[in-house]
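Q: Task: produce atomic coordinates for the following.
(2 chains)
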Amino acid sequence: MQIEPAFDAHRPDGTGPNRRTLLKAAALGLFAFNVAGVEALISPAEARTRGAALSILSANEAALLEAFGEALVPGARAAGIAHFVDANLARPHHDSLLTARYLDVLPPHDAFYKAGLAALDGASRAVLGAPFAQVSAAAAKPLVAAMLPGTIAPWQGPPAALFYLAVRSDAADLVYGTRAAFARMQVPYMAHIDPPGDW
Amino acid sequence: MTGGHTPSQHAPKRTDAVIVGAGAAGNLFAAVLAEAGKSVLVFDPGPAWKTGDLYSSSIWSRRLRWGGPAVESAGANPFGAGFNMGWGTGGAALHHYGTWPRLMPADFTMKSDFGKGLDWPIGYDDLRPFYDRVQEEVGVSGDAEAEVWRPAGAPYPLPPLQQFAQARLLQRGFHAQGMKTAPSPMAILSQDYKGRPACLYDGWCDAGCPIGALANPLVTYHPRAVKAGARFVNGAHVTQLIPGKTPRQAAGVEYIDSTGATRTAHADMVILAASTVSNPAILLNSTGGDWSRGAGNGSGLVGRYFMTHSIASVYGFFDGEETENYMGVTGAQATNMDHYGKQSLGGGAFGSLQWQLAPTMKPNDLLGVAMARADLFGADLTAFMERAVHHLAVMFGFGEGLPMLENRVELSERSGPGGMKTPRVVHSFAPESVKLSDMAAKLGLGIIKAGGASEPWAGPMATAHMMGGTIMGSDPRTSVTDSFGRSHDIDNLVIAGPGLFPTAGAMNPNFTNHALALRGAEHIAARWLS
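A: A predicted model of the protein is given here:
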């Protein structure tokens, strides 16, 4: 039987960022990242630039997520998609800002992302003969295009279309959903209440 | 009497009424009962949101969606629980879009008229005075005369909202096809009203309206409930009803508080207003005493007849125009109901159709510009975005989903707080409903093209809104409650929310939800006081 903790139980075994840190970050509307052993409340892009430690994803998974996010939405890598997803996976489910919540992906979402990334890499190795992070955008295009219609093969993981939509939305959040992105596109942001960070 | 947020350790052990859920219906019931002098305790599993929490951000708005135990979604046309359900004080109404059309008279008599679906135990005329009163209380903007389809009722208390280029462009297509349009009836203030400010048209309704122009519960019935002394316990997940001395009585509720402690609250009256999904889940989990099939489930219909609306989304470019698609409101700027008649589309389709034109689109998010072409990625997406953020227009055709016994909220094998089973929603549209949505998409493509849009396309059929599952009716054998939401089986149990609807129509449900809740709450209060 699978028992879901009722509240605030982002890690049944108690690992991951502590509750105090998460609350402080949430109060400020930023994410807490560990940079060289020092806790910093910074944006995902800055976390990437400063080499912040990851909480949930491995380095290989982060590199793969960056490559996939960049293939989907150019700019996602520099915007810090791996750190954005990682930081949200480390939060309690009800504090997560990931679109996966809207897509009815059953928690725990870290398992969803990890399985999806593994499936993508497996497909890339089988079809393209190389890890996904090492193939060019042009070479990856047919593989990525087969995800939404669900024709990608081999695929062993969560539904390919669901994983595609989730990561594409994460990437779109960072590349198109920030105040800086609105300004770049000449779309007025018009906030009632300014969001705490860049979005 | 002092109302407001109360830590669970200070919550009274016994009150006149316990209300489960601090959404639209729960707050309305709390206000009416507290103002009638009853002691009221409201439980909600989510946080006690304040308007200052409502950041203008599609990303941050996800905190307002369901954050409790996972809801599984299954069937040929799965229901989008994560997007539709709410989390915390205000419930789904905190992030709803304020599109408030009334149901039509024919929605109440579908089985009698067509031999399909169900009949309501009441008609439109029974609900009309409550629609009129609610719109006066919360403020609804619109043009009743322009809505030539609108059933009888008081005119709106406020003039229609301002329209922007996207709405003007899309209406051209309807008019070119000989179809009518009208400003959408919106529970958003076009002028200052009862101390609340008018809308600023910045299009962040989906993230919650912090200025209170949109009638979310934080600015409508919640303040009234608090003022009248209702007490709210947040972070409290109600797991089941507690049986009373007889099977026809509920003693109260059991809940898990924010510390994980199991607690009980006893009351003379239990109001279940958790949500269309959570209400049946709580009832089915309540198997204490003689309730072996679940509380209030003598009919075996708790969870059954779950309904949602189909959405046919139609897009097009107006390259020579700035469509201002980031301006306005998230709901709609204009509407058309020429095909609301159940058989008006013909061709094997059945059910009502409502068009909503020109909702705000922010660049990202589920209903945003980037998702309009989910198949695009890489450089193709970049090029699309540069064009679309200034030249895209969209309209949605909401199609009626029929009440079908097999569409249901049931308990899954997963366990949540307190070991209770979590819900699974199983939903598939009837073939004539799929046909309705397909025909709506074809119709919409013709309309938008007639308006001058280039490269029009229709998105995949989606779902929106949640209704049914605890349907009302006259016969205890074929329904869960009476027309006031009173359980047929448990004398002091009242169910509230769109779960009571026996049919869905094609209208956004929250206006009808409010009208039904006001009717039910006043009925309960009057009988109680007498």
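
Q: Can you show me the strands along the stretch 101-250 of chain B?
A: Per DSSP state E, counting those that start in this stretch, the stretch 101-250 of chain B carries strands over the ranges B:182-183, B:231-234, B:237-243, B:250-256.

Q: What segments of the stretch 301-450 of chain B are strands?
A: B:307-317, B:334-336, B:353-357, B:392-399, B:408-415, B:421-426.

Q: Could you dump those strands into TSV and include mean pLDDT, distance to residue B:476 and mean neighbour count?
A: The way it works is simple: take the backbone N, C-alpha and C, and place the C-beta from them, glycine included. Formatted as TSV, the strands of the stretch 301-450 of chain B follow (pLDDT from 0 to 100; distance: least, Cβ to Cβ, whole Å; neighbours: other Cβ atoms under 10 Å in any protein chain shown):
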stretch	mean pLDDT	distance to residue B:476	mean neighbour count
strand B:307-317	98	21	25
strand B:334-336	98	38	25
strand B:353-357	98	33	27
strand B:392-399	98	31	27
strand B:408-415	96	19	19
strand B:421-426	98	24	23
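
Q: Of all those, which one comes closest to chain A?
A: Among the strands of the stretch 301-450 of chain B, the nearest to chain A by Cβ to the nearest Cβ is strand B:408-415 (5.2 Å).

Q: what's next to that closest one, contact-wise?
A: For strand B:408-415, contacts defined as Cβ atoms under 8 Å, 6 or more residues apart in numbering or on different chains pick out A:1-4, B:69-70, B:72, B:276-277, B:280-281, B:284-285, B:303-306, B:421-426, B:469.

Q: tell me, how many neighbours does residue B:217 end up with?
A: Here the number of neighbours of residue B:217 (other Cβ atoms under 10 Å in any protein chain shown) works out to 30.

Q: residues touching residue A:146, list them.
A: Neighbour list for residue A:146: A:152, A:153, A:160 [criterion: Cβ under 8 Å, 6+ apart].

Q: quick one: which of those residues is nearest residue B:391?
A: residue A:160 (31.2 Å; Cβ to Cβ).

Q: Point out where chain B drops to low pLDDT.
A: Scanning chain B for pLDDT under 70 picks out the ranges B:1.

Q: Just the pLDDT for residue A:198.
A: Here, the pLDDT recorded for residue A:198 equals 69.

Q: and what of residue A:7?
A: 32.

Q: cool, and residue A:43?
A: pLDDT for residue A:43: 88.

Q: Go ahead and confirm it touches residue A:81.
A: No: using Cβ atoms under 8 Å, residue A:43 is not in contact with residue A:81, being 12.0 Å away.

Q: More neighbours: these two, which one.
A: Remark: of residue A:43 and residue A:81, residue A:81 carries more neighbours, 29 against 20, as counted by other Cβ under 10 Å.

Q: Skip the chain neighbours and tell me the closest residue to the more buried one.
A: Leaving aside its chain neighbours, residue A:81 sits nearest to residue A:69 (3.9 Å; criterion: Cβ to Cβ, 6 or more residues apart in numbering or on different chains).

Q: Counting neighbours, what do you get for the one you found?
A: Using other Cβ under 10 Å, residue A:69 has 26 other residues around it.

Q: Equivalent analysis for residue B:419, please.
A: 12.

Q: residue ranges for the helices of the stretch 101-250 of chain B, please.
A: B:110-114, B:124-138, B:165-176, B:221-227 (DSSP state H, counting those that start in this stretch).

Q: For chain A, which of those is the nearest?
A: Chain A lies closest to helix B:165-176 among those, at 13.3 Å (Cβ to the nearest Cβ).

Q: what packs against that closest one?
A: Other elements packing on helix B:165-176 under the criterion 3 or more Cβ pairs under 8 Å, 6 or more residues apart in numbering or on different chains; DSSP states H and E are strand B:334-336, strand B:353-357, strand B:392-399, helix B:431-450.

Q: what does it rub up against?
A: B:180-181, B:318, B:321-325, B:327-328, B:333-334, B:336, B:355, B:357-358, B:393-395, B:447-453.

Q: Which of these are buried? Put it as a ChimeraX command.
A: Applied in ChimeraX, the following selects the buried portion of the contacts of helix B:165-176 according to 16 or more other Cβ atoms under 10 Å in any protein chain shown:
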select /B:181,318,321,323,324,325,327,328,333,334,336,355,357,358,393,394,395,447,448,449,450,451,452,453
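
Q: what's near enough to touch residue B:235?
A: Residues near residue B:235 by Cβ under 8 Å, 6+ apart: A:7, B:8, B:44, B:45, B:46, B:47, B:257, B:258.

Q: Check residue A:72 too.
A: By Cβ under 8 Å, 6+ apart, the residues touching residue A:72 are A:144, A:164, A:167, A:168, A:171, B:377, B:378, B:381.

Q: Let's see that with 7 Å instead.
A: A:167, A:168, A:171, B:377 (Cβ atoms under 7 Å, 6 or more residues apart in numbering or on different chains).

Q: Check residue B:241 too.
A: The contact partners of residue B:241, by Cβ under 7 Å, 6+ apart, come to B:250, B:253, B:270, B:282, B:286, B:295.

Q: between those, which is nearest chain A?
A: residue B:282 (14.4 Å).

Q: which SSE is the closest one in?
A: Assessed by DSSP states H and E, residue B:282 sits inside helix B:278-285.

Q: what angle do that helix and strand B:421-426 make?
A: For helix B:278-285 against strand B:421-426, the angle by axes from the mean of the first three to the mean of the last three Cα atoms, to 10 degrees is 120 degrees.

Q: Can you spell out which helices and strands pack onto helix B:278-285?
A: strand B:237-243, strand B:408-415 (3 or more Cβ pairs under 7 Å, 6 or more residues apart in numbering or on different chains; DSSP states H and E).

Q: In TSV: those strands, plus distance to residue A:53.
A: Conversion of these to TSV gives the following (distance: least, Cβ to Cβ, whole Å):
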stretch	distance to residue A:53
strand B:237-243	33
strand B:408-415	32
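
Q: ok so, going back, please indicate which of the contacts of strand B:408-415 are buried?
A: Buried, going by 16+ other Cβ under 10 Å: A:4, B:69-70, B:72, B:276-277, B:280-281, B:284-285, B:303-306, B:421-426, B:469, out of the contacts of strand B:408-415.

Q: give me the residue from chain A nearest chain B.
A: Residue of chain A nearest chain B, by Cβ to the nearest Cβ: residue A:94 (2.5 Å).

Q: contacting residues for that residue?
A: Neighbouring residues of residue A:94 by Cβ under 7 Å, 6+ apart: B:67, B:87.

Q: ok, so what distance separates it from residue B:69?
A: 10 Å (Cβ to Cβ, to the nearest Å).

Q: what number of residues lie near the residue in the stretch 1-150 of chain B that chain A sits nearest to?
A: Closest residue of the stretch 1-150 of chain B to chain A, Cβ to the nearest Cβ: residue B:67 (2.5 Å). Residue B:67 has 23 neighbours, counted by other Cβ under 10 Å.

Q: Check the spacing between it and residue B:225 real quick.
A: Using Cβ to Cβ, we find residue B:67 at a distance of 23 Å from residue B:225.

Q: now residue B:164
A: Applying Cβ to Cβ to residue B:164 and residue B:225 gives a distance of 35 Å.

Q: likewise residue A:50?
A: Applying Cβ to Cβ, the value for residue A:50 to residue B:225 is 47 Å.
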